[in-house]
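[1] Structure, please.
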Amino acid sequence: MATDIDGFLPDSSFMLDVPAQDWREAITLAGKGLTASGFTTEAYTGEMIAAVENLGPYMVIAPGLALAHSRPSAAVLNTGLSWVRLSTPVKFGNKANDPVSLVIGLAGKNEDEHIVVMSAIASALSDPVKTAQLKAAATPEDIRRILKA
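    Predicted coordinates for the structure are as follows:
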């Protein structure tokens with residue numbers, strides 16, 4: 001699955017250099033990308049926001065990076081990702097990793113697909129060189145190419 005990043009991250013799931021007032025708006029943008037790509041219904045966006053409200057900012061997994069997600073549910077139609085690069089970073093309330101400038105939305109149809117896609121993204125983002133390239137990438141095509149490398 002990790003090799004088919006094109007199917008999990010279509011052009012419609014990207015928003016590059018967009019503004020958000022706060023973490024809720026940042027997650028809402030990630031949810032819009034998931035919905036626009038047919039991965040989720042709008043209800044999933046509310047589930048992602050509720051996860052932060054109930055569990056805290058655990059989604060901020062590295063400096064400047066949030067992996068917005070919720071558990072597989074009826075609101076998930078297909079496994080996929082959205083990619084939101086914010087024009088101005090926002091705070092999620094995670095002292096170690098705030099502020100966030102990249103929000104990746106993750107929707108998993110089931111636990112297995114959820115974990116496979118999440119680990120593929122995590123391995124790419126654990127490489128500082130790739131992370132820097134992703135921050136500078138100009139197009140969705142460039143981002144997919146970096147993730148596949």
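[2] and residue 126, how many residues sit next to it?
    Residue 126 is flanked by 11 other residues according to other CB atoms under 10 Å. C-beta coordinates here come from the backbone N, C-alpha and C atoms, glycine included.
[3] Number of residues surrounding the residue lying closest to it once chain neighbours are set aside?
    Counting by CB to CB, 6 or more residues apart in numbering, residue 62 is the residue found nearest to residue 126 once chain neighbours are left out, at 7.9 Å. Residue 62: 16 surrounding residues under other CB under 10 Å.
[4] wait, what's in contact with residue 62?
    97, 125, 126, 131 (CB atoms under 8 Å, 6 or more residues apart in numbering).
[5] Can you select the buried ones from those in ChimeraX?
    Remark: buried members of the contacts of residue 62, expressed as a ChimeraX selection using 16 or more other CB atoms under 10 Å:
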select :97,125,131
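[6] Residue 101 should be in a strand, yeah?
    Yes. Residue 101 sits within a strand when classified using DSSP: H, G, I helix; E, B strand; the rest coil.
[7] where does it land on pLDDT?
    The model reports residue 101 with a pLDDT of 94.
[8] What sits closest to it if chain neighbours are left out?
    Per CB to CB, 6+ apart, closest to residue 101 is residue 89, 4.2 Å.
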